[in-house]
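S.K.: sharing a model that was predicted from the sequence below.
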Amino acid sequence: MDHEAEVAGIGVGVGPDGEEVPAVVLRVRGEYLPIFVTPDQARSIRGALAGEPFDRPLTHDLLVDMVTEFGGAIDSVRIDDLADGTFYGKVDAERYEDGEPERFVFDARPSDAVGLAARVECPILVDDAIVDEAGQPPEAMDLGDDPGPPDVDDRDLEPDDRGPDTGPGSSDPDDEYRYR
């Protein structure tokens, strides 16, 4: 079963080498779901949540403009798989031809899916199995005094010491979330 999520904030986790790694944190089913992202993805999502336009369109903006220009719309995005520590996502879109909807599903990195959702304000859906496997209880993360979007500061997110087998680990440019 899918549950609707909201972006709780963009924060910073600590990678295995002690380096700071940006993460988009989703709030779903009463838990937090941190997904490590690249610094560029974090800036893009943060800007969209804050309604701050960039001087020139970013890739997410360009894609939304193109989909719209071709008569399509992004209906929802999904985080629907977690395999070997890597999250997977989908973008659900449609377009109308002769008054009939034609539906499309595109594979996407979760950060790209969330970046699109932040721009078009569509639902972010997360599968139960993903929350069961990677969700963190609210007390496991410090999101500052105000956990609501989008006011969370980058430096407010620090994962608790969950030990070597349960805490987040490394990240790479393909938005992996690893357990060590």
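M.R.: Noted; the coordinates are in hand.
S.K.: nearest residue to D75 in space, please, no chain neighbours.
M.R.: D92 (4.7 Å; CB to CB, 6 or more residues apart in numbering). C-beta: built from backbone N, CA, C; applies to glycine.
S.K.: tally up the residues packed near that neighbour, please.
M.R.: 18 (other CB atoms under 10 Å).
S.K.: that one and A73 touch, don't they?
M.R.: No - between D92 and A73 there is no contact under CB atoms under 8 Å: 9.8 Å.
S.K.: what's the helix or strand for the residue nearest to D75?
M.R.: In this assignment (DSSP states H and E), D92 forms part of strand 86-97.
S.K.: show me what the helix or strand that comes right after that strand is packed up against.
M.R.: Following strand 86-97 in sequence order, the next helix or strand is strand 100-108 (DSSP H and E). For strand 100-108, the elements it packs on are strand 86-97, judged by 3 or more CB pairs under 8 Å, 6 or more residues apart in numbering; DSSP states H and E.
S.K.: repeat that for 10 Å
M.R.: The contact analysis (3 or more CB pairs under 10 Å, 6 or more residues apart in numbering; DSSP states H and E) places strand 100-108 against helix 59-69, strand 72-83, strand 86-97, helix 110-120.
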